[in-house]
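Q: requesting a structural model of the entry that follows:
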Amino acid sequence: ELRGEKIDIVEWNEDPVVFVEKALSPAKISRVTIIDEEQKIMEVVVEDKQLSLAIGKKGQNVRLAAKLVGWRIDIKSEEEKRQEVEAEMARMQRIVEELRSLEGVGEKTVQKLIDVGVGGLDHLLGMTDEEITSIEGVGPKTAEKIREAATAAKAEWDRRDAEEAARQEAERLAAEQAAAEEEARRLAEEQAAAAEAEEQATAAEAEPQAASAEAAPAEDTEATAAGGEPAPVGEGARQGAGQGGEPDGER
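A: Numbering: from 1, shown residues only. The predicted structure follows:
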């Protein structure tokens, strides 16, 4: 530490690959590739879980490492690199397939187009006659045949691409529709469950009230049965007079 600040010490190495590995420590580096030695550009690949550690907060770690090493560092995760390689392989495969779809053009000529770096039908159609005829073994007649074949093949590939795009769009819309229907079904089930729970709660609250209402008349009936009906005052008096004795005069 220096005045309370933690200091990372990086061991210098004349080999930029070793130096960058040390500079990005403690992140574990999978591999380092020199992309352009003259321009000092390198690619660093790290494990997926190590990417955030290697980059650092707001890219601080990788920026400091680049300053130390003096190279531009392109840092990627294993998954990012895998996707990049797969995309490049798919692109190269597409180029080969496009050039091999040139009807009437021999395999040797197609291979020459690939070897000189023709990047597909769009690239080929953008080339001038002079550029095409500059390819070894390709004369004016062959160049004309290549251009005609490329025009026809391009139209066919455009049609296929349009169909594929439409298919993917239909799949996307179908997936969105299915997801929307599933969400609607889930919401309906939640609402039904909530309504059922509310009904059960209401019924549970009503039961004690109903029981109390039934108990009140029963208590009144029991009280009346225990006390009896009060006898009329006049009749009781008459009975009392008849049983209690005779008038004084008759004694």
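
Q: only C-alpha atoms for contact and neighbour calcs from this point on.
A: OK.

Q: show me what the helix or strand containing Q60 is packed against.
A: Per DSSP states H and E: Q60 is located in helix 60-69. Judged by 3 or more Cα pairs under 8 Å, 6 or more residues apart in numbering; DSSP states H and E, the packing partners of helix 60-69 are helix 16-23, helix 51-55, strand 72-77.

Q: any chance of CSV for these, columns mean neighbour count and distance to T142?
A: Below are the helices and strands packed on helix 60-69 laid out as CSV (neighbours: other Cα atoms under 10 Å; distance: least, Cα to Cα, whole Å):
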stretch, mean neighbour count, distance to T142
helix 16-23, 20, 48
helix 51-55, 20, 52
strand 72-77, 19, 44
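
Q: can I get those in JSON lines with distance to G117 and mean pLDDT?
A: Formatted as JSON lines, the helices and strands packed on helix 60-69 follow (distance: least, Cα to Cα, whole Å; pLDDT from 0 to 100):
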{"stretch": "helix 16-23", "distance to G117": "31", "mean pLDDT": "94"}
{"stretch": "helix 51-55", "distance to G117": "34", "mean pLDDT": "94"}
{"stretch": "strand 72-77", "distance to G117": "26", "mean pLDDT": "96"}
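
Q: using a markdown table, lay out these together with distance to V45.
A: Output for the helices and strands packed on helix 60-69, formatted as a markdown table (distance: least, Cα to Cα, whole Å):
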| stretch | distance to V45 |
| --- | --- |
| helix 16-23 | 11 |
| helix 51-55 | 9 |
| strand 72-77 | 5 |
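
Q: return the list of strands paired to the biggest strand by length in the chain, each annotated with direction.
A: In the chain, ranked by residue count with DSSP state E as the criterion, the top strand is strand 29-36. If you go by DSSP bridges, strand 29-36 pairs up with strand 41-46 (antiparallel).

Q: what's the angle between the strand it pairs with and helix 16-23?
A: Orientation check (axes from the mean of the first three to the mean of the last three Cα atoms, to 10 degrees): strand 41-46 against helix 16-23 gives 50 degrees.

Q: of the helices and strands packed on helix 60-69, which is nearest A193?
A: Nearest to A193 among the helices and strands packed on helix 60-69 is helix 51-55; the distance by Cα to Cα comes to 43.4 Å.

Q: tell me how far the closest one lies from the chain's centre.
A: 22 Å (Cα atoms, centre = their mean, to the nearest Å).

Q: that helix - contacts with which helices or strands?
A: helix 60-69, strand 72-77.

Q: now do the first one: everything it contacts.
A: Read that as helix 60-69. 16, 19-20, 23-24, 54-56, 72-73, 75 (Cα atoms under 8 Å, 6 or more residues apart in numbering).

Q: take those residues and write them to a markdown table, including distance to T133.
A: As requested, the contacts of helix 60-69 are arranged in a markdown table below (distance: Cα to Cα, whole Å):
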| residue | distance to T133 |
| --- | --- |
| P16 | 44 |
| F19 | 48 |
| V20 | 47 |
| A23 | 51 |
| L24 | 51 |
| A54 | 50 |
| I55 | 49 |
| G56 | 53 |
| R72 | 40 |
| I73 | 41 |
| I75 | 42 |
